[in-house]
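[1] I'll drop the sequence and a predicted model, then ask my questions.
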Amino acid sequence: MSGNSIGQNFVVTTFGESHGVALGCIIDGCPPGLELTEADMQHDLDRRRPGTSRYTTARREPDEVRILSGVFEGKTTGTSIGLLIENTDQRSQDYSNIKDLFRPGHADYTYQQKYGMRDYRGGGRSSARETAMRVAAGAVAKKYLKQVHGIEIYGFMSQLGPICAQTIDLDQIEQNAFFFPDASKLEALDEYMRELKKSGDSIGAKISVIATGVPVGLGEPVFDRLDADIAHALMGINAVKGVEIGDGFGVVTQKGSEGRDLMSPQGFESNHAGGVLGGISSGQPIIAHIALKPTSSISVPGQSMTAQGEMAEVVTKGRHDPCVGIRAVPIAEAMLAIVLMDHLLRHRAQNQDVRSHTPVLGMRQGYEIGA
């Protein structure tokens, strides 16, 4: 199976299955001299890990990461960094009844047809359990980006089902189990999720992720556009069915006079483009949004078929998230960080001696980053 790596200069390769012995990843291209310990990654892993609230799966994994290589005396050496997380709470028996049954809305059928076999235990490689390693690798990238270049990345849930955030309070994001920036909606979210769990159904969500302090010039103007690579990375997250950069699909109803980001020596007047112009970062905040579908692992009966082509009814058992978007915030942050890290190193390799006499524009005073 190919397609397990992302990046060109900062390369992340993951391995492992949902109910296998362990998950792991190799990071190639991390510059030497970065102070790095397991604790630098554990914070984001704790934000993503299952079993942390009544709104997520009951599977309990400590997700404690171990550094196997690439770090000596507390600093990265420039060699490949090996990371490992052991699986400790597998219940493969929960999936024995679907060994020969395809769950609608899952990768069961496509994996079987592509490879002629599949790991039916929790979806195997297709499970979102694999994203733990993306979060670990992303934490390494986030630390380098912030420490060396002042780039900061944060995400939040901007919508769960019909409930949208009306205000964006960054201090509120880490204070609730939903990573929701609008405290006035928390009671409604709790009530909605309680009713949803009673019904045995699931719901989708929208996640927003933002990077500030990104310099001008990241991204290649043709096939490796920065926004294209960001979209590729975010779309590669399990259950993501839509990606928007800046105003996204909102541009359909915009006029050119409304959607362009006017410039002056004082800075950009707006950020409809989401921080990318012509595939190259503009120095404005990078703003992206992802839409995650509701999981199909629900107890509501549904029609499907067996591997032998016989009709069957599916009721998914086991431990599942009624809204996979709740734990997607650190994953989206990680994928954006990995892309920015990769493009930063690529830009440095080709363009570190480039000088432009044009002033570097910022955002005009008073502009709201989350707008």
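    Yes, it's here.

[2] So what's the residue count around the residue nearest to R260 when sequence neighbours are not counted?
    Distances taken as CB to CB, 6 or more residues apart in numbering put H272 closest to R260, at 7.2 Å, once the chain neighbours are dropped. C-beta here means a position set from N, CA and C on the backbone, and glycine is covered the same way. Other residues near H272 come to 19 when the count uses other CB atoms under 10 Å.

[3] Kindly report the same for T167.
    T167 has 11 neighbouring residues, counting by other CB under 10 Å.

[4] contacting residues for the nearest residue to it once chain neighbours are set aside?
    Of all residues beyond its chain neighbours, the one nearest T167 is D182 (5.0 Å), with distances taken as CB to CB, 6+ apart. Residues in contact with D182, defined by CB atoms under 8 Å, 6 or more residues apart in numbering, are A165, Q166, T167, I168, D169, Q172.

[5] which two in those are spaced the farthest apart?
    Farthest-apart pair in the contacts of D182 is Q166 and Q172; separation 12.2 Å (CB to CB).

[6] Who are the contact partners of L186?
    L186 neighbours (CB under 8 Å, 6+ apart): N176, F178, F180.

[7] same thing but 6 Å
    With contact taken as CB atoms under 6 Å, 6 or more residues apart in numbering, L186 is in contact with N176.

[8] now the helix or strand that contains E195: how far from the chain's centre is it?
    Assigned by DSSP states H and E, E195 falls within helix 186-199. Relative to its chain's centre, helix 186-199 lies at 24 Å (CA atoms, centre = their mean, to the nearest Å).

[9] ditto for stretch 209-223
    With CA atoms, centre = their mean, you get 17 Å for stretch 209-223.

[10] So for that stretch, what gets flagged as buried?
    Under the neighbour-count criterion of 16 or more other CB atoms under 10 Å, stretch 209-223 has V209, I210, A211, T212, V214, V216, G217, L218, G219, E220 buried.

[11] Tell me the pLDDT of the third one.
    Predicted confidence (pLDDT) for A211: 98.

[12] where are the low-confidence patches of the stretch 251-371 of the chain?
    317-320, 363-371 (pLDDT under 70).

[13] can you map out the helices along it?
    For the stretch 251-371 of the chain, applying DSSP state H, counting those that start in this stretch gives helices covering 256-259, 329-351.

[14] what's the nearest residue to G70 once chain neighbours are set aside in contact with, if anything?
    Of all residues not flanking G70 in the chain, I81 sits nearest, at 3.3 Å (CB to CB, 6+ apart). The contact partners of I81, by CB under 6 Å, 6+ apart, come to I27, C30, G70.
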